[in-house]
Each structure stands twice: as C-alpha cells, then as structure tokens.
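Trainee: would you be able to build a 3D model of this:
(2 chains)
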Amino acid sequence: MSRSIRGADVSETMKTRAALVLGIALGAALTVAAQGYFGEIWRTYSEDIIYLTKQHVVLVLISSGLAILVGVPAGILLSRDFMRRYSETLLQVFNIGTTIPTLAILALSITLLGIGFKPAIFGLWVATLLPIVRNVFQGLRDVPAHLKEAAQGMGMTPLHILRSVELPNALYVMFAGIRTAVAVNVGTAPLAFLIGGGGLGELIFTGIDLNDMQMLLAGVIPVGLLSMLADYALAKGQFWLIPRGVNPLRP
Amino acid sequence: MIKLEKLSKIFETPNGGTVMAADKVSLEVAKGEICVLLGPSGCGKTTTLKMINGLIPKTSGKIHVAGRDTDTIDPVELRRSIGYVIQQIGLFPNMTIEDNICIVPDLLGWERSKARKRAAELLDLVNLDPSIFLKRFPKELSGGQQQRVGVIRALAADPPVLLMDEPFGAIDPINRAVIQDEFLRMQTELRKTIAFVSHDIDEAIKMADKIAIFRDGKLEQFDSPDDLLARPANDFIASFLGSDRTLKRLSLLKVSDVMLSGRIRVSAQDDVATARDMMKEAGHKNIVMVGPRGRARGYLHLNDVVEASGTVEEHYQALPTTVNVDADLRTAVSRMFRHDMTWMACVDDDGFFKGFITQRAISHQLGATYRDTPTEGLT
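Mentor: The predicted model follows:
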C-alpha cells in the first residue's frame, strides 16, 4: 500500500517537473516569438483576433448549447420503449445531418434563413446534433436491463428510473458524445464566415484569398487553441461531473 | 401470505403463435416459509415469480399477497411492499452502498437519518463493517459482498414478503454455500415469506420449506422437500430430482432423527464382564466408554473381550470419530464411509455422549417412507 502511494507521489512530482520544464520552454519560445514573426502577427491583428474570437465563441456556445438542449431530450425520447419501433429510422434522419457536408448544410440554410448569424447557428446546430442524439440514445440503451428491472421491481416510477438509474449510468457515454460534438462544432465554425456568420473564419478565408500567410495564421492559431481549450474543459467536466461509481476515469 | 389461484400467462410470439408460460398455477406459501420454484429453464418459474409483483402482467387468475388481491393495489405501491432480489444483483453502480440500500425506504418517504441507520444495521447483519462499506461503490465490492448487499437492500423497508430470482446463481460454489447458510440464519429470525426461483435441486432442498416443481408452465408437484424426494409424483420429477434422490434426503435428516439412545454405556472403572453382559443383553456388538462426566472416550468391541477380564480401561479402543447430534445425516454417512464404520457415537457440542447411529438405522429411516407406499415397489 505505502509503496504504491509513494509510486503515485513519484509520478506526480515527475509530472510537475515536466510541466515546469515545458512551461519554461514555452515561455521562452513565446518571448522570442513575440519579438519576431508571431509578435508581428499579434501587433497587426490583435484587435481583429479579439473581436472575431468573441464572435466565434458566441457562435460555438449558442449552436452547441442549442444542440445539447435539443439533442439530449431527443436522445432520451428515442430510447423510450414506446419509441423502439421508430428510433432507428429517426436516427437515420439525424444521420443525414452528418452525411451531407457541413458546407452544403450551411449553403442550404441560406435558402431558409438568408445570410448572416442565424443560418450559421442553424448549420452548426445541425452538424452538432447527431453525435449528441446518437450517444444519448446509445448510452441509455446500453444501461443493463437488469438495472432497470431491479429499479422497477423495487417500485421506482419510470421517471425516477430515468433520473436516478438510467441517466447517471449513461452519463459517461452521453458526455463523450457532447465532447465529440463540440470538437466538430469548434472546427466547423470557421465556415460560418462564408455565409456571413462572422467568426475567425474571416481571417482564415480572407488570408487564403489574399495569399496572406500572417492573416491566415492569425485565424488558424486561435481556432486551434479554442478547440484544445474546449476539449480540456469538457474533459475536466467529464472527470468531475460523472459519479465516481460509473466513471471509468476515476478509481 | 402468498396465494396464487389458477394463475396463467400467455405470451404471443412474433410469428403469431402463443406460448403458455404459466398454466393455471395454484399454490400457497404460508407465513414465514420459503417456497422454492424449481424446474428446467423455460418452465415458467421466473414468469410466475414476476407476475407476483406485476413485472410481467398476468393473463388470468388471482394473486393474493399478505391477504390483499394484487389487482386492487397500485403496482408501484405493491412492489415497494415486496422485497425483490435478482440474479444479476442489480446494485446501481452510480450510488454508494448506503444509497443503494436506502432506495425503498427513501421511496417510502422514511426520515433520512432513520433510513441510513437502518442501512448500517443491515450491513452489520451480513458481517460487512458499515464504517468501511457504507460509502463504497458497488464496483469496489467482491461478487459475494455485492450479493449480500443485494439481499439486505430487499430487506431494507422490512417487507413481509420477498421474491428472489436465482439470487445466489452467479456466485462460486464455496461462497454460495456460505451465503445460503447466512441467509437461512437470518431467516430463522426474520421469518419472511419467500418465493425463491432456482434451477438447482440441491439449493432447493437446502433452502425450501416447500418446493414447487414446474414443467412447461404447469405446476407438477408442490410438496415439502422430503416428501418430494420420497414420493415424486411422476417420472419427469423423479428424473429431475436425480437417480440419487434418496441420498439427497440425507441432508434433510439430522443425526438426532435416527440416533439410538446412549443409555447403554460403561465407564473406565467398570468391569469388562459387566460391559460384556450389557452388550449381550442389548444385542449390541459395541459399547461406548464414557469419562467421569459423560464425555465419549472410547469403546469396546464384543469379539475383543469375549474372554477378557479386568476393567474396561485396560481393554478399550479409541473412537476413530464421532458426529455431532445436530449434524445432518449426509455429513454422518460421509464420515462413516471414510472411517469404514457401520456405527458411530454421537456427541453434543461439548463432547458429551448422547447416543449412537448405525447404517442399519439410517437405511431403515430412509426406506420407511417407501414401505408406506406399496406401489413404489412395482415401478
């Protein structure tokens, strides 16, 4: 016992040291870079980057927020016994959302909603919806039948079973779906610029058009950082929000 | 306490046919008894059990639990008043052991502190230390520990009736025997009325006050384990019980059931001649020698002392083995065979000599049941 604790201590200190070394290296690199190429990009585009990043984050938050708000209840509904006969067919409909390229969806949503922020939100929402619905559905269906039987046999009501047994036990799979969906969303969001939705796509696509490498990077680097940040936040959420008994990440 | 009247269940198969999963099953489990529903898989025993708490809706017939017709009770309320244990245990992995045990008390709206206190008491009852286990999650427990928690979870709100669906089926044989014994010990105090599904004949004999044997949805025989083994109603039941069913009865009988009185005994200082006379008078080949306070010390064999003189002390042999009066005959016979003996001295917990058993007496006891029924000889 004591040995394994000491083992954990050692690996923790190793991690801390590695992080320290990395931090110093990164800091040094940034200081050097700030003087040179990247510093120049930042000096030139900082106002645009800040403004467009805000816009980008709003796009991502609203579209994925709506996707979660709709996708989770839809997944729950599809997993109910009375929907069993239709659930696969309906999931195929959601599937089409991912089969059609996101760019096409964005273009199609112009025909419905015109140009601007709204169709961008709609297009991103469609692209994000499926992984959420699919994982919520699958997670709930994968809850072992005997758990539901035990719950029912002890006199729990269907709503109580959903809340206390099914959802907690499906949470890990559901969360994985949300994580995938948000990753897709952040990565797709630059396309919103093409239909007038704004966001960091403006720097990227304009940079491509003008063959301006600095402008391109001014868009690409924040997009990359944003997606890493989002995934990190969701991973932390997955670790802390899911009950310990059903969380494979926690001992 | 549990009464089924012509209970039937007809399932419809996808291709339009019907299956009679339970066919006019009538039986009654008295208060405090364990009734084992026994049979091969697909015989309707589980269906019958699940109809009692409404998990499977019945097609026709009546079910009475604790004197109430279950048709008149809301199924959710009914289930909260019946303990339910399943083979897969079904502990909720997202909840601590404490919360798992408190599910039904919480559903019934018990005060929180009262429910938690009850959880700790119940863990104590199955020898799991509450200070260690209350806050653990199911995955941190071994299979046997989980199954114990599964059983006490069903007991949490102290329901008078328990339904158990192969509750010990998934545990290894050694742990299973331990948990069965533990459960029977609890049952002698709790006196719950229990319907218990099993496909294991030995488990049924061990646990049951009554056994209900099912085949193809029909209740074939409903009897006490001993009567069932002694008089199976038909060939199906006889073959299901096994060709060694008479031997299985050994575990239902206690040593004290066939023990012959230990009044005939000698002590160390007695004369051998006295011992010899006592044996001849009683028609015994052996006599047990007891110590000053009556503990079994040894024995004399008649052939060894025909010509002998002196005291018993000078001639006795040590007893190769003894058996406790409370042991079952299976243990006794096994020990007799191991030591190649035809008789054995019986002692109580403190080693005091109580009597003896003979192979003759055992086979007589087992055979007695068959001699009552003259037809048995013909089949």
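
Trainee: skip the chain neighbours and tell me the closest residue to residue B:209.
Mentor: Among residues not flanking residue B:209 along the chain, residue B:33 sits closest, at 4.1 Å (CB to CB, 6 or more residues apart in numbering or on different chains). In short, each C-beta sits where N, CA and C put it, glycine included.

Trainee: got the buried residues for the one helix or strand residue B:147 maps to?
Mentor: Counting by DSSP states H and E, the secondary-structure element that holds residue B:147 is helix B:143-155. Along helix B:143-155, the positions that meet the burial threshold by neighbour count (16 or more other CB atoms under 10 Å in any protein chain shown) are B:144, B:145, B:146, B:147, B:148, B:149, B:150, B:151, B:152, B:153, B:154, B:155.

Trainee: and the contacts of it?
Mentor: Residues outside helix B:143-155 that contact it (CB atoms under 8 Å, 6 or more residues apart in numbering or on different chains): A:154, B:83-86, B:89-91, B:97, B:100-101, B:103-104, B:122-123, B:125-126, B:128, B:133, B:138, B:141, B:162, B:164, B:167-168, B:170-172, B:175, B:178-179, B:182-183, B:190, B:192.

Trainee: show me what the top helix by length along chain B is packed against.
Mentor: Among all segments of chain B classified by DSSP state H, the helix with the greatest residue count is helix B:173-190. Based on contacts counted as 3 or more CB pairs under 8 Å, 6 or more residues apart in numbering or on different chains; DSSP states H and E, the elements that helix B:173-190 packs against are helix B:143-155, helix B:201-207.

Trainee: can you put those helices in a markdown table and add distance to residue B:368?
Mentor: As requested, the helices and strands packed on helix B:173-190 are exported to a markdown table (distance: least, CB to CB, whole Å):
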| stretch | distance to residue B:368 |
| --- | --- |
| helix B:143-155 | 37 |
| helix B:201-207 | 19 |
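
Trainee: can you list the ones you listed in a markdown table and add mean pLDDT?
Mentor: A markdown table is the format used below for the helices and strands packed on helix B:173-190 (pLDDT from 0 to 100):
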| stretch | mean pLDDT |
| --- | --- |
| helix B:143-155 | 92 |
| helix B:201-207 | 90 |
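
Trainee: how about these, which one is nearest residue A:94?
Mentor: In this view, those are compared for proximity to residue A:94 by CB to CB, and helix B:143-155 is the closest at 37.8 Å.

Trainee: who touches the next helix or strand after that closest one?
Mentor: Sequence order places strand B:161-165 as the next helix or strand after helix B:143-155, per DSSP H and E. For strand B:161-165, contacts defined as CB under 8 Å, 6+ apart pick out A:153, B:1-2, B:46, B:49-50, B:52-53, B:65-66, B:81-87, B:151, B:154-155, B:192-197.

Trainee: so the strand or helix carrying residue A:185, near chain B or not?
Mentor: Element membership for residue A:185 (DSSP H and E) is helix A:167-188. Yes: Helix A:167-188 comes into contact with chain B (CB under 8 Å from any CB of the partner chain), by way of A:168, A:169, A:171.

Trainee: who wins for most neighbours among these?
Mentor: residue A:169 (23 neighbours; other CB atoms under 10 Å in any protein chain shown).

Trainee: what sits against it?
Mentor: Residue A:169 sits next to A:143, A:147, A:246, B:92, B:93, B:94 when contact means CB under 8 Å, 6+ apart.

Trainee: show me what contacts the closest residue to it other than its chain neighbours?
Mentor: Using CB to CB, 6+ apart and skipping the chain neighbours, the partner closest in space to residue A:169 is residue A:143 (4.7 Å). For residue A:143, the set of contacting residues under the criterion of CB under 8 Å, 6+ apart consists of A:165, A:166, A:169, A:170.

Trainee: among these, which pair sits farthest apart?
Mentor: Comparing all pairs in these by CB to CB, the longest separation belongs to A:165 and A:170, at 9.5 Å.

Trainee: show me chain A divided up by domain.
Mentor: Following the assignment in automatic domain parsing, chain A carries domains at A:1-35, A:38-246.

Trainee: what's around the closest residue to chain A within the stretch 51-200 of chain B, how many residues?
Mentor: Nearest residue of the stretch 51-200 of chain B to chain A (CB to the nearest CB) works out as residue B:90 at 2.8 Å. As a burial measure, the neighbour count of residue B:90 was computed by other CB under 10 Å and equals 25.

Trainee: again, but for the one 3 residues further on
Mentor: Other residues within reach of residue B:93, judged by other CB under 10 Å, total 19.

Trainee: that one touches residue A:246, doesn't it?
Mentor: Yes: using CB atoms under 8 Å, residue B:93 is in contact with residue A:246, at 4.9 Å.

Trainee: contacting residues for the residue of the stretch 1-150 of chain A found nearest chain B?
Mentor: When scored by CB to the nearest CB, the stretch 1-150 of chain A has residue A:150 as its residue closest to chain B, at 2.8 Å. If you count contacts by CB under 8 Å, 6+ apart, residue A:150 has them with B:84, B:86, B:88, B:89, B:90, B:91, B:92.

Trainee: let's see that with 7 Å instead.
Mentor: By CB atoms under 7 Å, 6 or more residues apart in numbering or on different chains, residue A:150 lies in contact with B:86, B:90.

Trainee: all the strands of the stretch 151-300 of chain B, residue numbers only.
Mentor: B:161-165, B:193-198, B:210-215, B:218-223, B:260-261, B:266-267, B:286-290, B:296-301 (DSSP state E, counting those that start in this stretch).

Trainee: so for the third one, what's the average pLDDT?
Mentor: Think strand B:210-215. When the per-residue pLDDT values of strand B:210-215 are averaged, the result is 93.

Trainee: elements contacting that strand?
Mentor: Secondary structure elements in contact with strand B:210-215, counted by 3 or more CB pairs under 7 Å, 6 or more residues apart in numbering or on different chains; DSSP states H and E, are strand B:34-38, strand B:218-223, helix B:235-241.

Trainee: okay, those, which one's buried deepest?
Mentor: Across the helices and strands packed on strand B:210-215, the average number of neighbours (mean count of other CB atoms under 10 Å in any protein chain shown) peaks for strand B:34-38, which reaches a mean of 26.

Trainee: low-confidence ranges in the chain?
Mentor: Since no chain was named, I'll use chain A. The model of chain A has pLDDT under 70 over residues A:1-13, A:15, A:30-35, A:97.

Trainee: look at chain B instead
Mentor: B:369-379.

Trainee: is residue A:205 in contact with residue A:192, as I believe?
Mentor: No: using CB atoms under 7 Å, residue A:205 and residue A:192 do not qualify as a contacting pair, with a distance of 10.5 Å.

Trainee: mind checking which of those two has more residues around it?
Mentor: A side-by-side neighbour count of residue A:205 and residue A:192, using other CB under 10 Å, places residue A:192 first with 28 against 17.

Trainee: what residues does the stretch 151-251 of chain A put near chain B?
Mentor: If contacts are counted using CB under 7 Å from any CB of the partner chain, the residues of the stretch 151-251 of chain A sitting beside chain B are A:152-157, A:165, A:168-169, A:243-246.

Trainee: make it 6 Å
Mentor: If contact is defined as CB under 6 Å from any CB of the partner chain, the residues of the stretch 151-251 of chain A in contact with chain B are A:153, A:154, A:155, A:157, A:165, A:168, A:169, A:243, A:245, A:246.
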